[in-house]
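Participant: compute the structure for the input listed below.
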Amino acid sequence: MQPDLSRVPQFYHNYINHVPQDDLMEAFRVQTPITMNFFEALPSQKHDYRYAAGKWTIKEVIQHIIDAERVFTYRALCFARKDKTFLPAFDENSYADHSKGHQRNWTNMLEEFRSLRTATEYLFGSFDAEQLDETGTSNNNSIYVLGVGYIVIGHAMHHIKVIKERYL
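Facilitator: Numbers count the residues shown, from 1 in each chain. Model (predicted):
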C-alpha cells in the first residue's frame, strides 16, 4: 500500500509520488533495475558534467543519492526498532561539499550503489507490518518507516528526472 502522506512531511511527498507501485517490495523490484540501467547507460563524458556553475556533477548527484539512502535507511532502522531518539537533520549540501564524489571511480560508485540498494531491500524486506508502521522523529518532523521506504526509491527517481532534464 502507498504510504499515508499525512504521516510524512510535505517536502517528501514529491519523492513518494515518483513511485507508482502500491507495494514497497514490488517498488524496489521494479525501480532498482531502472535506476541501475539509467546510471550504467550514462555517457562517460557526462560523469563530471555540471549544467551550471556551482551545481553538482552527475558523480556528485549519485554520491548524494548514496549518502541520502544511508541516512534514510538508518532512520528507518531506528524507528522500526522503537528507538525514540530525535534524529538530526541531514544537510545535503554540506555532505556533497565534503563527499569528493567528483573524484570517485565511476564503476566503484555504481557498485557501491548496487550493494547499498541490495542491503536497503533486505532491510525493508525484514520489516513486518508493525515495524513498517512505526513512527519516529527526524529533523523535528514525525515520519514513519513505510514512508521512508518510498522516499528512498522516489528520491533516486527524482534525481534521475533532474539528470534527464538538466544534464543530458
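Participant: name the nearest residue to Arg39, ignoring sequence neighbours.
Facilitator: I think there's a mix-up here, since residue 39 is Phe and not Arg. Of all residues not flanking Phe39 in the chain, Leu110 sits nearest, at 5.5 Å (C-beta to C-beta, 6 or more residues apart in numbering). Using the backbone N, CA and C atoms, a C-beta is placed for each residue, glycine as well.
Participant: who's in contact with the one you found?
Facilitator: Met36, Phe39, Glu40, Ile62 (C-beta atoms under 8 Å, 6 or more residues apart in numbering).
Participant: only C-alpha atoms, please: export the helix or strand it falls within in CSV.
Facilitator: Using DSSP states H and E, Leu110 sits within helix 106-126. The C-alpha trace of helix 106-126 is given here as CSV (Å, rounded to 0.1, in the frame of the first residue of the first chain):
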residue,chain,number,x,y,z
TRP,A,106,32.6,5.6,-11.7
THR,A,107,32.4,1.8,-11.7
ASN,A,108,33.1,1.7,-7.9
MET,A,109,30.4,4.3,-7.3
LEU,A,110,27.8,2.3,-9.2
GLU,A,111,28.8,-0.9,-7.4
GLU,A,112,28.5,0.8,-4.1
PHE,A,113,25.0,2.0,-5.0
ARG,A,114,24.1,-1.5,-6.2
SER,A,115,25.4,-3.0,-2.9
LEU,A,116,23.7,-0.4,-0.8
ARG,A,117,20.4,-0.8,-2.6
THR,A,118,20.6,-4.6,-2.1
ALA,A,119,21.1,-4.0,1.6
THR,A,120,18.3,-1.5,1.7
GLU,A,121,16.0,-4.0,0.1
TYR,A,122,16.9,-6.7,2.6
LEU,A,123,16.4,-4.2,5.5
PHE,A,124,12.9,-3.2,4.3
GLY,A,125,12.1,-6.8,3.4
SER,A,126,12.8,-7.8,7.0
